[in-house]
Structure formats: structure tokens, C-alpha cells
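Asker: Got a predicted structure here, sequence first:
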Amino acid sequence: MTKQEFQQLTQNTVLLDGATGSNLMAAGMPRGICTEAWILDHKEIFQNLQDQYIKAGSRILCAPTFGGNRISLSLHGLQDRLEEMNRTLLSYAKETAQGRAYIAGDITTTGKMMQPSGEMTYEKAFDVYCEQLSVLRDAGADLILAETMINIEETLAALDAARSVCDLPVMCTMTVEADGSIFSGGNIIEAVAALEAAGADAVGVNCSVGPDQLVSVIRNIRETVSVPVIAKPNAGMPFIDDQGNAIYHMGPQEFAGHLLELSRQGATILGGCCGTTPEYIRAVSSLLNL
């Protein structure tokens, strides 16, 4: 996908997919393991989920490469399989889409604190992202999504890495509190302005809080940037049950109603994060007449 094609696609509202991890856990994936490795062994379950998202209205799907950077894979002793895993996982998504949806090479935080709070430097983060993104580029990603980011310096390193290895459109979303503050410090308004200036093709928020708490955040982002705005929230705020499971009470119709409001506030790229299913995307698609 060229940047011009992305601009044309996002002139009108476009739907991302919904959650992956919470749906895979509902399908039997244990907690605490490497999601990417589990998907390699359960291709049919993953592809069935993505097929449901396409049928529900998703036009952009996330390849299951979320934790596919070297640092995250090293936590499971899988760093030497980085190229194989990212290439194969992206191929699963493309095989499912069959031209019905675009496939985003999905990346996220390394999980390491950036200096001065931690030991991660911009240069090291840049190299880590370049490695993963080069594989995703060669595997045929249509665009790049850096999501669930919690630090602006690391997000800029990911964006700069993407721009250095490919000409694909790059979307960036960060996780925020209801007041727009970023977990590692700073706020989303400063962050999206910096990301747009650095060349991001779309910016916004994902995960975070429920969609009902993001109205002012999305409105303020829309007033700050000229690129498309992304809203990919959770299905409300969960509570944790006795077994340690996150339980989300916001249903598909309520979720869709809140995303309609976020659309009115200026978000044109919409999707769901934790707790959402294809039914949530279908409800949004129906309510927005997409």
C-alpha cells in the first residue's frame, strides 16, 4: 500500500479489527505464554478469528506479530526464530485476507524502560524495530501499526525505524489515561504532534480505558493533527475475577454507540482492543453504515 492509497482509504471511516489475545485465550490459549508461538501451533483458530473480523467489516487486520521483536521474544528463548516467526505469522494473516483486507505489520513496546528511567536507549530501540520491521516489509505487510506504546521516545524510535526500512504507511497509537496522560509521562496531545511531525500517517489511542472515557481525548487529538485519528479502545474497564481473568461488561451495541461518538469527535480509523470480538466490529459497522 502506498501512502497515497492509505490517504484515499482513510478519507472515509475505516474499520480495524478487534482484540486478538483475549479471543485466543477464550479459545484455549494459556496465560503467560508466548502468544506468537501459540498461534504458530494453532493456525486454524487464529485464521478463523481473522476471517470473522473481515466478515464483520474490518478493512485492516493486524498480523499477529505484536510481541515479535527480539527483546520480547528473548523472554521465551525465541529470539533466534525472529525472522521465521514474523514471516510466517504475517503470511497467516495474508492467507486469511485473500485481498479482502489490508494487513498491518503489528509492533509494540519492547517492555523496557527508556533512559533516564531505564537502560533502553533510542539507538537500541531503533535497531530492535529495524530488525523486526525489515522482516515484515519483506513478508509483504501492506502498512505498519505501532500500537499500545507507552513512551513517546520509544514510539518515535519505532516510527523512525519504519521510515528508514520502508515506504509503507505507518500508524501509531499510544495507551493513555482518561485525561490523556501517558503512563510513562507526558500527554497524548504532545505525543501525537511529535509523531505527525516525524512522519506518522495516522495517530491516536488504543487499549487504554473504555470508549466512553475517550471523548475529550479524541476531540483534542483531532484539533491538534491533520492526519487521520485512530480510536481502538477496550470494551470498557474490566474487573478481575477470582481466577484472575479480566471481565468486560460493555456489550457490542453499547461499545458501538460510544465509537459513533468518537467518530463524531473526529476519529476515522476505528477498532476494538481488549475484550472486543467480531460482534463488536459488526455492531460498529452496522451503526455507522459502513
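Answerer: Thanks, I have the structure now.
Asker: since we're on Thr224, how many residues are nearby?
Answerer: By the other C-beta atoms under 10 Å criterion, the neighbourhood of Thr224 contains 16 residues. The C-beta positions use only the backbone N, C-alpha and C, and glycine is treated the same way.
Asker: Quick check, it in contact with Ala194.
Answerer: No: the criterion here is C-beta atoms under 8 Å, and Thr224 misses it with Ala194 at 10.5 Å.
Asker: For the protein, which segments are assigned as strands?
Answerer: 14-15, 60-62, 102-107, 143-149, 170-174, 202-207, 229-233, 239-240, 246-247, 267-270 (DSSP state E).
Asker: Can you give the distance of stretch 194-206 from its chain's centre?
Answerer: In terms of C-alpha atoms, centre = their mean, to the nearest Å, the centre of stretch 194-206 is set 13 Å apart from its chain centre.
Asker: average model confidence for it?
Answerer: Stretch 194-206 shows an average pLDDT of 97 in the prediction.
Asker: any idea of the mean pLDDT in stretch 85-104?
Answerer: Across stretch 85-104, pLDDT averages out at 97.
Asker: so how far is Thr277 from Ser164?
Answerer: 36 Å (C-beta to C-beta, to the nearest Å).
Asker: Show me which of these two is the more surrounded one.
Answerer: Each of Ser164 and Thr277 has its neighbours counted (other C-beta under 10 Å); Thr277 has more, 21 against 12.
Asker: which ones are touching the more buried one?
Answerer: Going by C-beta atoms under 8 Å, 6 or more residues apart in numbering, Thr277 touches Gly18, Ala19, Asn23, Pro252.
Asker: Going along the chain, name the helices of the stretch 1-150 of the chain.
Answerer: For the stretch 1-150 of the chain, the helices defined by DSSP state H, counting those that start in this stretch cover 3-9, 21-26, 35-41, 43-56, 70-74, 82-97, 122-138.
Asker: likewise the stretch 151-290 of the chain?
Answerer: Counting by DSSP H, counting those that start in this stretch, the stretch 151-290 of the chain has helices at residues 152-165, 188-197, 215-224, 252-264, 278-287.
Asker: May I see the buried residues of the third one?
Answerer: Going back to what we said before, that points to helix 215-224. Neighbour counts over helix 215-224 (16 or more other C-beta atoms under 10 Å) mark Val215, Val217, Ile218, Arg219, Asn220, Ile221, Arg222, Thr224 as buried.
Asker: quick one: which of these is nearest Asn12?
Answerer: Arg222 (15.5 Å; C-beta to C-beta).
Asker: Can you give me the pLDDT of the nearest residue to that closest one once chain neighbours are set aside?
Answerer: Sequence neighbours aside, Gly266 is the residue nearest to Arg222 in space, at 2.9 Å (criterion: C-beta to C-beta, 6 or more residues apart in numbering). We have a pLDDT of 97 for Gly266.
Asker: Next, the contact list for Gly266, please.
Answerer: Residues near Gly266 by C-beta under 8 Å, 6+ apart: Ile218, Arg219, Ile221, Arg222, Glu223, Val229.
Asker: Skipping adjacent residues, who's closest to the fifth one in space?
Answerer: Okay, so that is Glu223. Leaving out its chain neighbours, Glu223 is closest to Gly266 (C-beta to C-beta, 6+ apart), at 7.8 Å.
Asker: re the thing from before, take the strands of the chain and write them to CSV, including mean neighbour count and distance to Leu40.
Answerer: Putting the strands of the chain into CSV (neighbours: other C-beta atoms under 10 Å; distance: least, C-beta to C-beta, whole Å) gives the following:
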stretch, mean neighbour count, distance to Leu40
strand 14-15, 22, 27
strand 60-62, 25, 16
strand 102-107, 27, 15
strand 143-149, 26, 20
strand 170-174, 30, 25
strand 202-207, 27, 24
strand 229-233, 29, 25
strand 239-240, 10, 29
strand 246-247, 13, 25
strand 267-270, 25, 28
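Asker: can you put those in TSV and add distance to Thr96?
Answerer: Formatted as TSV, the strands of the chain follow (distance: least, C-beta to C-beta, whole Å):
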stretch	distance to Thr96
strand 14-15	16
strand 60-62	8
strand 102-107	9
strand 143-149	16
strand 170-174	20
strand 202-207	21
strand 229-233	20
strand 239-240	32
strand 246-247	26
strand 267-270	20
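Asker: closest to Ala157 out of those strands?
Answerer: Once C-beta to C-beta is applied to the strands of the chain, the stretch that comes out nearest is strand 143-149, at 9.5 Å.
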